[in-house]
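>>> Below are the sequence and a predicted model; questions follow.
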Amino acid sequence: MATCEICGNQYDKCFDVIIGGKRRTFDSFECAIHALAPTCNHCGCRILGHGVESKSGVMFCSVHCAKNEGIGGLQDRAS
Ligand SMILES: [Zn+2]
Ligand SMILES: [Zn+2]
């Protein structure tokens, strides 16, 4: 039995995510996304796909959002 670090749920199907060498424990992807997914700098949505990153390290969910922030020349990493 493990405990989700976000909602505190004790659940026998919790899973661990190792990120930056640190072990994080969650009971659901919802909680893992809440803790780990970056946020789009334009529309504020959680970035669950590949996303795009500007040269200065700012994250966007899509090229469309980056363009709306005046950042051009980016390509979707999924393409
Ligand atoms: Zn949870
Ligand atoms: Zn966006």
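That came through fine. Ligands and ions are numbered 1, 2, ... in the order given.
>>> near ligand 2, which residues of this structure?
Those residues of the chain that sit near ligand 2, judged by Cβ under 5 Å from the ion, are Cys40, His42, Cys43, Cys61, Cys65. The C-beta positions use only the backbone N, C-alpha and C, and glycine is treated the same way.
>>> quick one: which two of the residues you listed are the most distant?
His42 and Cys61 (7.7 Å; Cβ to Cβ).
>>> With neighbour numbers in mind, choose between those two.
More crowded of His42 and Cys61, by other Cβ atoms under 10 Å: Cys61, with 22 against 18.
>>> Which ones among the residues of the chain next to ligand 2 map onto helices?
Among those, the members found in helices (DSSP state H) are Cys65.
>>> close enough to count as contact, Leu36 and Arg24?
Yes - between Leu36 and Arg24 there is a contact at 7.2 Å, judged by Cβ atoms under 8 Å.
>>> more neighbours, these two?
A count of neighbours by other Cβ under 10 Å puts Arg24 above the other of Leu36 and Arg24, at 17 against 14.
>>> What separation do you get for the more buried one and His34?
11 Å (Cβ to Cβ, to the nearest Å).
>>> what's the answer for Cys61, then?
Cys61 sits at a distance of 16 Å from His34 (criterion: Cβ to Cβ).
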